[in-house]
Each structure stands twice: as structure tokens, then as C-alpha cells.
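In: Return a 3D structure for these sequence lines:
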Amino acid sequence: MIDFVICEENASYVTIYKKEIEKIMMNFDMEYSYHIFKGYDDNWKEYVANDGTFKVHILALQAKVGSGLDAARFIREELDDWQSMLIMVSTHMDYKNEALDNRLMLIDFICKYDSFNRRFGEAIKIALKNYDKRPKALKFTYKKIAYNIELRKILYIEKEQDTKRCICKTIDGKYLIAGNLKTIETMLDKRFIKVHRSIIVNSEQIKHYNSKENIITFKNKDELSAISRYKKKELERVVRGLEQ
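Out: The predicted structure is shown next:
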């Protein structure tokens, strides 16, 4: 999931951003969403501190509350977030050198009056390239402890019965995640498939599937048998595709 976090008080420019993003995203098979803010207030800070998604920030240099430069510093220095992509947008280029010299790792500092659509589109494409290259992980906090689990190491995630949490089984061990399976599913990518209404499996970790006994065997020799009969054919197709 890619989260485009737009901080812009001018509604017309928000429309332009969304139109350019949608034009580019038509060529990519990726899920994405928008979150719109008019200033860098506490609501914005609370949202960007959430590690659930890969974020592309479109930062207006000037806003009703705060500045884009301070917002970029907050993301990089206070949150220690060096994976999110930052694009600074302004009607004034006076702060361009300051912004680029502050080691904030901006993709670009774009003037709204200078080939804006083209440069904005190019910046979004660079952000998407970084999304493809980043180490993808499931990030969550449980009992005040932060976890960062690489997706490739996850075997399956299962809703724990009679609780409001899930069990994440990996090649290294087992973890508990507060929240429902539907929310966690939005943090995963297309290697994960639902084999039961309460279980999501990492298809890349499957060694083989015995449809007769209805058992998945993972590469580390762990097994899983709670497969819905409605998902058996889909699972067979996925596993056959992996074996080709």
C-alpha cells in the first residue's frame, strides 16, 4: 500500500496532485490511498508517525500551520524516518537551496509555476521506484514494543480466536499483533493470499500443497491445515504457478 500524504491548503492544487498521481498509477498494479491535510498540526504529526504504510509526502512549503521545511525535519530527524519519500512544492524558489542543502533527502523542490505537471510526475515516478526497491516489512507495536518484520520471512498470519489480535508466524518465531486481520492485510503485498477467512499465507514460503489432505507445507517444514474448501482451487493455481 502506498499512502500519498498531501499537505496543501489550496484545494485546486490538491485536485492537480491527485489527477497527476492517478494518471501515473494507472500504469502500476499497486494499491494506494490519499490523506489530505491543510497544515502541519497535531493531526498531521500523529498520522505521519504511523508506520503502517509506505508514504509519499507532498509538502507545501507554506501552510496554515507550520512549514514544509520543519515538517521534513520532523519526518527525518524526530521520527527517524528515512524511507518515506518527500516532495516539496512552493510558489517561491527562495528556499530551494536551503531545503536541498539540509540533508533531508528530498526527491525534488518543485515550483508551481515552472513545468509543474512534468516535474511533479517525474518525482512521483522516482518515489515509486524506491517503493519497489525498499525492504518490505510489517511494522507494528505490541505492548509498547515496536516490531519490524520482513514480509519475506512471514509464513502466515492468523486471527487468534476470541481475541482482538492476530498471530504472525515467521521462519524465526511467533509474534502477536493487536488489531483485526482486515487491517493487517492492507499492510501486505500480493505475495500474500487468503486461504481462510481468518488466515493469510505467504505464497512464496509454500513448498507444496497437498490438496487431498488439505495441508500446506512451508519451506521450513512447518505445516498448516486450516484451509477453506472454497480457497483450495485458488491455492492450487498459485502453487502451480510458483513451481513453473
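
In: hey, let's count contacts and neighbours off CA atoms from now on
Out: Fine.

In: Helix or strand next in line after the helix-or-strand element of the chain with minimal mean pLDDT, which one?
Out: Taking mean pLDDT, DSSP states H and E as the measure, the helix or strand of the chain with the lowest value is helix 96-101, at a mean of 70. Sequence order places strand 106-111 as the next helix or strand after helix 96-101, per DSSP states H and E.

In: Show me what that following strand pairs with in its sheet, parallel or antiparallel.
Out: With DSSP bridges as the criterion, the sheet partners recorded for strand 106-111 are strand 85-90 (parallel).

In: Determine how far the partner strand lies from the middle of the whole chain.
Out: For strand 85-90, the separation from the chain centroid amounts to 18 Å (computed by CA atoms, centre = their mean, to the nearest Å).

In: hmm, who's touching that strand?
Out: 55-62, 68, 72, 105-112, 123, 127 (CA atoms under 8 Å, 6 or more residues apart in numbering).

In: show me where the chain has helices.
Out: Counting by DSSP state H, the chain has helices at residues 11-25, 42-48, 68-73, 96-101, 116-133, 181-185, 232-243.

In: Identify all contacting residues around the last one.
Out: Pointing back at helix 232-243 there. With contact meaning CA under 8 Å, 6+ apart, helix 232-243 is reached by 195, 203-204, 206, 208-209, 211, 214.

In: Across the sheet, point out what pairs with the residue lying closest to residue 110 once chain neighbours are set aside.
Out: Excluding the flanking residues, the one nearest residue 110 by CA to CA, 6 or more residues apart in numbering is residue 89, at 4.9 Å. Counting by DSSP bridges, residue 89 forms beta bridges with residue 60, residue 110.

In: Now for the nearest residue to residue 223 once chain neighbours are set aside, how many residues are close by?
Out: Once flanking residues are discounted, residue 223 sits nearest to residue 217: 4.6 Å by CA to CA, 6+ apart. Counted with other CA atoms under 10 Å, residues neighbouring residue 217 total 17.

In: Please list all residues in contact with residue 217.
Out: Residue 217 touches 206-209, 223-224, counting by CA under 8 Å, 6+ apart.

In: And for residue 36?
Out: Contacts of residue 36 by CA under 8 Å, 6+ apart are 5-8.

In: can we see that at 6 Å?
Out: Contact analysis of residue 36 by CA atoms under 6 Å, 6 or more residues apart in numbering lists 6-7.

In: quick one on the thing from earlier: any chance of CSV for the helices of the chain, columns distance to residue 162?
Out: CSV is the format used below for these (distance: least, CA to CA, whole Å):
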stretch, distance to residue 162
helix 11-25, 39
helix 42-48, 29
helix 68-73, 41
helix 96-101, 51
helix 116-133, 36
helix 181-185, 13
helix 232-243, 26
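
In: Could you chop the chain up by domain?
Out: Using automatic domain parsing, the domain parsing of the chain gives 2-133, 137-243.

In: The shortest one: how far from the chain's middle?
Out: Read it as domain 137-243. Domain 137-243 sits 18 Å away from the centroid of its parent chain (CA atoms, centre = their mean).

In: now the longest one
Out: Between the centre of domain 2-133 and the centre of its chain there are 15 Å (CA atoms, centre = their mean).

In: Is there a quick ChimeraX command that grabs whichever of the contacts of helix 232-243 are buried?
Out: Remark: buried members of those, expressed as a ChimeraX selection using 16 or more other CA atoms under 10 Å:
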select :195,203,204,206,208,209
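
In: Out of the contacts of helix 232-243, which is nearest to residue 162?
Out: For the contacts of helix 232-243, the closest approach to residue 162 (CA to CA) belongs to residue 195, at 19.7 Å.

In: can you pull the contacts of that closest one?
Out: So residue 195 contacts 227, 231 (CA under 6 Å, 6+ apart).

In: For the residue sitting furthest away from the middle of the chain, give its distance to residue 149.
Out: Computed with CA atoms, centre = their mean, the residue of the chain farthest from its C-alpha average is residue 212, at 36.6 Å. Look at residue 212 and residue 149: by CA to CA, to the nearest Å, they are 33 Å apart.
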